[in-house]
Each structure stands twice: as structure tokens, then as C-alpha cells.
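Peer 1: give the three-dimensional model of this entry:
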Amino acid sequence: MSVVRRGVRAVVLALVLTVVTTLPAAAPASAHAGGLSPTEVRGAVVAVTPQVPGLTVSAIEDGARLLVRNNTGSTVEIPAGGGQDRPLSVPDGESVTWIDGRATTLERDLGEATTGTWSVPMTVGTVPVTVDGEFVAEPPPNALGWWALAAGIAAALIVLARRSRRPNVLLAVSGLVTVAVSLVHVIGATLAVESAPLWGTFLDATGIGLLVWPLVVVAAIAALRGSAAGVLGVCAGAGLSVVFVLPDLTVFHFAVLPVAGPATLERFLVALVLGAGVAAAVAGAGALRALAPRTEPDATQPMEHAPVQGTTPLTRRTRDTESGSRSDQSTDSPDVARRVSKPVQDTGFAQSESENS
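Peer 2: I've put the predicted structure just below:
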């Protein structure tokens, strides 16, 4: 049981160190990939007045940014003001995306209102242009239900692990599922970003996942084979996965999510990562206790005969040979007994001695 106690302490220590070392780095990253975050509002462009041939203005990423494509033959100038700190210039033939404080939905709160309007002035050459848009608030989801789902997943996996004869298998499978779900979540967040290169956004969204995912996969394979080190690795990776998903828990409370795909699917993925990660971390101690009888020697089984101290294989073979020779000369052997009981025949030398006498 000392192995189990050391394993449990290692699990707890790994989780504590994981949270202490990674939470400060993860806390400022409250936004998703591309600097986006869940909101309660969507934004859209309603009109561009007057319409200038070759000028296209649209709201992207659910209204978080504005996109200007300039094919007018002149430079487009966007003045600062109204929440926009600096002016922007878009040369002919180029496009620019930016977060405009007058039009962005990020951290936008309409209060009791369900709609709102915004306006951004710009010039195309010497022609003044006004871009008008609107905000539309959406009702928030049932946050309590999603928290309950995450807790239910964690509780179910913990109970199954305790009742299973091989909890290390369930633990390994939970770790692999967590990796797969985390990867799908990151891909969805990456595809939602239109203002940055795809691979750069993906690497930014993965964060510590680049280290956690290979760790969990390798540890899960070892845990499937009954390795205590594999179980510890899955527990550590599960703790890191929980820390990794902490900034995404806001998806339970906001309606508009920065992901490519259904918002319901995104909330389910986050709940699954949270529940499975917590369950894997908690169930690790039980898996180590189940593995302990397989690794500790059985006191009821007889121990093999230990070699005599100070002997070598050569000396043991010599002693065996000598003992075998002595046993062959024993009178208990049938051959030896026959030789002893056989009468000795008279020889000619003995007869000559009697004649001489």
C-alpha cells in the first residue's frame, strides 16, 4: 500500500503544481482565438451611404471587426473618434480588418434594449461616406443546465471508475476522449477567425495543448497496459486540460460564441472536456489502488529457494557433481549392493599358496 500512497500523493501534487503554474498564464487569456470572446450581441452593416463603386464594408466575426476592401482607385480614410483611438488608411487594391470601438460587439452591453445602432464615417478620396450598422441582442443560454451536464459527466465517470475492475482502462479512454474533444474545440475556434492566417491562429488557440495532448496520448497508452506511471501521466494531463478550458467556461453564459459551428455543440464540447478532465484527475487515485495488487508481491506464495551466500554457479555445479558422485557410491544403490553381496572367486594365486603350505 505504500506504493499507492506515494502514487496518490504524486497525483495531488501534480494537480496542485499544474494549477499553480498554469493558471496565472491562462487567466489573462479570457478571449478565444484571434482575440475574440463570447458576447450577447451580434453586429452587421446595414448601409453604406453613398455607395461608391469598388468599396465593400462588412462586419465579420459576428460583428467583432469591420472589413474594408478598397478597389475604388482612391485611398479610403477612416477617422478616429467615438471609441476608435487611431485613424486608419486603406490604399487602393488592399483590404484591412480592425476592431472599431464604435461598431464592435466585443464587451458590448445593450442593457434592457434588444437592438442598437452604430455609425462609422470615412472618406473615399474626397467623398465623405457613412457606414451604418446595427446591434442585435440574443437571449443567453441556460447556464445552470450546462454546468449540471459537466458535473453529471464527471460524477458518472468517477462512479464507473470505482466500480470497474480495470479503472485504468476507463481512465485512459477518458484521457483520449478529452484530447479529441479539445482538438475539435480548437479547430472550431480557429475557423471562426477571418482576420488572421489559419495556421497562426490555430497555434495561438492550442496554447498548452501542444504539450498536453501528446502527454495524454502517450500516458493513456501506458495506462492501458497497466502502468502506474501512465495513470499519473493521464491525471496530470487531465488537470492541464481543465486549466486549458477554464477561459472557455464563459460559453455557458453568453449567446454569441466565436466558433465555426452550432453554439450548442461548442457548449457540449466544453462541458465534456471539463467533466472528463475532472473525473480523470479524481479517479486516478482509485486506478492506482487497483493496480497496486498487480505490482506488489503476494505474501501467500512460497518464495523461491535463494542461493547460498558466497557461492557462484561454478561452485554450485562442482558441489552438485561431488554430491552426485558420493551418492553413486552409496550402499543404498542396487548396483552397489549387488557388487558387495557377490562372492569373491578364488584365484590361481590363492591355490598356489595352499599347495606350498
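
Peer 1: does the closest residue to Leu55 other than its chain neighbours fall in a helix, a strand, or a coil region?
Peer 2: Leaving aside its chain neighbours, Leu55 sits nearest to Thr72 (5.2 Å; criterion: Cβ to Cβ, 6 or more residues apart in numbering). Quick note: C-beta positions are derived from backbone N, CA and C, even for glycine. Look at Thr72: counting by DSSP: H, G, I helix; E, B strand; the rest coil, its state is coil.

Peer 1: for Thr72, give me the pLDDT.
Peer 2: We have a pLDDT of 95 for Thr72.

Peer 1: check Leu67 too.
Peer 2: pLDDT, Leu67: 97.

Peer 1: run a quick neighbour tally on it.
Peer 2: Using other Cβ atoms under 10 Å, Leu67 has 17 other residues around it.

Peer 1: then Val90?
Peer 2: Here the count is done by other Cβ under 10 Å, and Val90 has 21 residues near it.

Peer 1: repeat that for the one 3 residues further on.
Peer 2: As a burial measure, the neighbour count of Gly93 was computed by other Cβ under 10 Å and equals 11.

Peer 1: doesn't it belong to a strand?
Peer 2: No. If the criterion is three-state DSSP, then Gly93 is coil and not within a strand.

Peer 1: residue contacts, it?
Peer 2: Applying Cβ atoms under 8 Å, 6 or more residues apart in numbering to Gly93 gives the contacts Asn70, Asn71.

Peer 1: distance of the residue nearest to Leu55 from Pro139?
Peer 2: 40 Å (Cβ to Cβ, to the nearest Å).

Peer 1: ok, the two, which is more surrounded?
Peer 2: Higher neighbour count among Thr72 and Pro139: Thr72, with 19 against 8, using other Cβ under 10 Å.

Peer 1: surely the more buried one and Asp92 touch.
Peer 2: Yes. Using Cβ atoms under 8 Å, Thr72 is in contact with Asp92, at 6.5 Å.

Peer 1: just how off-centre is the helix or strand containing Leu170 within its chain?
Peer 2: Per DSSP states H and E, Leu170 falls inside helix 167-191. Distance of helix 167-191 from the chain centroid (Cα atoms, centre = their mean, to the nearest Å) equals 6 Å.

Peer 1: avg pLDDT for it?
Peer 2: On average, helix 167-191 scores 90.

Peer 1: the residue nearest to Val57 when sequence neighbours are not counted is in what secondary structure piece?
Peer 2: Setting aside the residues directly before and after it, Val57 is nearest to Val131 in space (Cβ to Cβ, 6+ apart), at 5.0 Å. Val131 belongs to strand 127-137 when elements are defined using DSSP H and E.

Peer 1: same thing with Ala229?
Peer 2: Per DSSP H and E: Ala229 is located in helix 228-245.

Peer 1: what about the residue nearest to Val169 when sequence neighbours are not counted, distance to Ala151?
Peer 2: Among residues not flanking Val169 along the chain, Leu224 sits closest, at 6.1 Å (Cβ to Cβ, 6+ apart). Leu224 sits at a distance of 27 Å from Ala151 (criterion: Cβ to Cβ).

Peer 1: ok, these two, which is more surrounded?
Peer 2: More crowded of Leu224 and Ala151, by other Cβ under 10 Å: Leu224, with 18 against 14.

Peer 1: touching, that one and Leu170? I think so.
Peer 2: No. Applying Cβ under 8 Å as the test, Leu224 and Leu170 come out as separate, 10.3 Å apart.

Peer 1: what are the ranges of the helices in this protein?
Peer 2: Per DSSP state H, the chain carries helices over the ranges 2-26, 143-163, 167-191, 198-206, 209-224, 228-245, 263-295, 313-328, 334-341, 348-356.

Peer 1: for the second one, packing partners?
Peer 2: Looking back up the chat, that one is helix 143-163. helix 167-191, helix 263-295 (3 or more Cβ pairs under 8 Å, 6 or more residues apart in numbering; DSSP states H and E).

Peer 1: including distance to Leu210 and mean neighbour count, could these go into CSV?
Peer 2: Converted to CSV, the helices and strands packed on helix 143-163 look like this (distance: least, Cβ to Cβ, whole Å; neighbours: other Cβ atoms under 10 Å):
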stretch, distance to Leu210, mean neighbour count
helix 167-191, 10, 22
helix 263-295, 16, 22
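
Peer 1: identify whichever of these lies nearest to Thr115.
Peer 2: helix 263-295 (20.0 Å; Cβ to Cβ).

Peer 1: for that closest one, what does the pLDDT average out to?
Peer 2: Throughout helix 263-295, pLDDT has a mean value of 80.

Peer 1: equivalent analysis for stretch 217-229, please.
Peer 2: Stretch 217-229 carries an average pLDDT of 87.
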